[in-house]
Structures are given as structure tokens and as C-alpha cells.
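In: coords below, sequence missing:
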């Protein structure tokens, strides 16, 4: 439950940053009720990680998107995918299925009626690619 709350907090920060062109600090100032310090710390780490690796993350999402244009993906879906992709590529403390499940729940809660299916499709492709790379040492 704590990890889920941290994911939701990180998503909301990323969404605010994306929609408002805000820095992380400016997005944090918009948060009225901060969660407990452990959840807040984890969420901030994820946002910093997404920001650090955003070019690679966005390239992967765009490549796997049906229309290949990141700008045509809703901000909600884009930021759910950014967070989950960061966790899948750089986080090693949760199974891929859990990360995908939590991302789908965020998409269902904040996105359009089709968001959960779209997010599931993109994340499924990322997970399959990661499994292939892990299984084939020549692709590392």
C-alpha cells in the first residue's frame, strides 16, 4: 500500500511538471497534503530518476506507441508510462507484473476509458523486450 501511494504521488508530480512546465520543486509546492516522509522520499526518488533518464524513457515509449508520436499520447498516459518504464528499467525492488499492475490502476483512475489497455500494451512490450535482453547475453 505504501509503494502504491508513492507511485501515485510520483505520478501526480510528473503530471504537474509535464502539464505546467514546472520544475520538481514547483510541482512539490502545489501539493497540499504531503504523504508521510517515507512515501514522499520514495516518490521524489522516482521523479528524479524519470527526469534523469527521460530521453531514453520517452524514446522507448514513442517507439512502442502505435502512432510513434509521444506528443499525441495524453499527459496522463505519458506520465504513467514514464514512471512505470523507469521502474522496469532502473528499479530492481518490485516485480515487473506488480509495476505494470499498479500503472494500469493509475491509468484507470486518472486516464480515459481506454488508458488502461493502452498502458498495458506498451508496458507488456517493454517487459517482453527486457526479458529477451536478459535471456540473451549478446544483447546486453
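Out: Alright, I've got the coordinates. Just so you know, these numbers come straight off a predicted model, no measurement behind them. Numbers count the residues shown, from 1 in each chain.
In: can you get me the start-to-end distance on stretch 108-118?
Out: 10 Å (C-alpha to C-alpha, to the nearest Å).
In: I'd like the average pLDDT over it.
Out: With pLDDT averaged residue by residue, stretch 108-118 scores 95.
In: touching the helix-or-strand element of the chain with minimal mean pLDDT from outside, list them.
Out: Taking all helices and strands of the chain together, the one with the lowest average confidence (mean pLDDT, DSSP states H and E) is helix 24-29, at a mean of 78. The set of residues that contact helix 24-29 without belonging to it, under C-beta atoms under 8 Å, 6 or more residues apart in numbering, is 13, 16, 17, 20, 44, 47, 48, 51. Quick note: C-beta positions are derived from backbone N, CA and C, even for glycine.
In: export these to a markdown table and tack on secondary structure, pLDDT and neighbour count?
Out: Compiled in a markdown table, those are given as follows (DSSP: H, G, I helix; E, B strand; the rest coil; pLDDT from 0 to 100; neighbours: other C-beta atoms under 10 Å):
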| residue | secondary structure | pLDDT | neighbour count |
| --- | --- | --- | --- |
| 13 | helix | 91 | 24 |
| 16 | helix | 87 | 20 |
| 17 | helix | 88 | 22 |
| 20 | helix | 87 | 11 |
| 44 | helix | 91 | 16 |
| 47 | helix | 94 | 24 |
| 48 | helix | 95 | 13 |
| 51 | helix | 95 | 15 |
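In: can you put these in a markdown table and add distance to residue 63?
Out: Compiled in a markdown table, these are given as follows (distance: C-beta to C-beta, whole Å):
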| residue | distance to residue 63 |
| --- | --- |
| 13 | 25 |
| 16 | 26 |
| 17 | 22 |
| 20 | 27 |
| 44 | 28 |
| 47 | 23 |
| 48 | 24 |
| 51 | 20 |
